[in-house]
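>>> build me a model:
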Amino acid sequence: MANPIDTIAAKAKGMKHGMEAGRDGLVGVFRTLAKEHAEAKELFERIRSDAEKAATLWPKLRDALVPHEKGELRAVYPRLAQFPELKAICAEHQREADALEKQILAIDAMSPGTANWAAKLDALAADVVEHATREENEFFPVAQRAIGEKLAKELDDAFATAEKQVKASLAKH
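Numbers count the residues shown, from 1 in each chain. Okay, here's the model as predicted:
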């Protein structure tokens, strides 16, 4: 069974990674996104390390992943797409986000703890880690150089607002 320590550990991992991203030069929304990537990775690890936690941690993880991606798609990537040199990155992100959403929906339709559920979760974890790594190492540095620190910081607020709106919408359903 999951306990608050799992969530606290994920937040701590996220804070540490966010600081590292800042040290590596990411600012604003890019630093926030890197922080959230680390939180998700930690929740994946905690689910995979203890099958009994799957039923309680999966909803927390899903409720972090979906608003994160939808927040990016609403507030971040449309602004990035306004820069010609970032259009290819935005198109690639959209393809990856669509694929991740399909995986999340498939996992949600299954019962935690089954072998097939675990295999699908492992596949999603691998894809999320690959997606996050690409964003942090390839997309974000290029995007930050293109848009500048000022807009990266402004997008942080826009992302937070979009993410909150998605969370509120999901809570209603």
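>>> so Trp58 sits against Ser111, correct?
No - applying Cβ atoms under 8 Å, one finds Trp58 not in contact with Ser111, separated by 10.4 Å. To be clear about C-beta, it is placed using only N, CA and C from the backbone, and glycine gets the same treatment.
>>> which of those two has more residues huddled nearby?
Trp58 (22 against 9; other Cβ atoms under 10 Å).
>>> show me what contacts that one?
47, 107, 112, 121 (Cβ atoms under 8 Å, 6 or more residues apart in numbering).
>>> what are the phi and psi values at Phe83?
Dihedral pair for Phe83: phi -100, psi 120, per degrees, to the nearest 10.
>>> okay, now Leu57: neighbour count?
23.
>>> tell me which helix or strand it sits in.
For Leu57, the element it lies in under DSSP states H and E is helix 54-71.
>>> and the next helix or strand past that helix?
helix 77-80.
>>> any buried residues in whatever helix or strand comes next after that next one, and which?
Helices and strands here follow DSSP H and E; after helix 77-80, the next one along the chain is helix 87-108. Counting neighbours by 16 or more other Cβ atoms under 10 Å, one finds that the buried residues in helix 87-108 are 89-90, 93, 96-97, 100, 103-104, 107.
>>> now that we have the contacts of Trp58, which one has the most neighbours?
Going by other Cβ under 10 Å, Ile47 tops those with 25 neighbours.
>>> just confirm that residue contacts Pro59, I think it does.
No - with contacts counted by Cβ under 8 Å, Ile47 stays clear of Pro59, the gap being 10.8 Å.
>>> now, which of the contacts of Trp58 lie within helices?
47, 107, 121 (DSSP state H).
>>> list the contacts for the first one?
Which is Ile47. Neighbours of Ile47 in contact, by Cβ under 8 Å, 6+ apart: 53-54, 57-58, 61, 121.
>>> lovely, talk soon.
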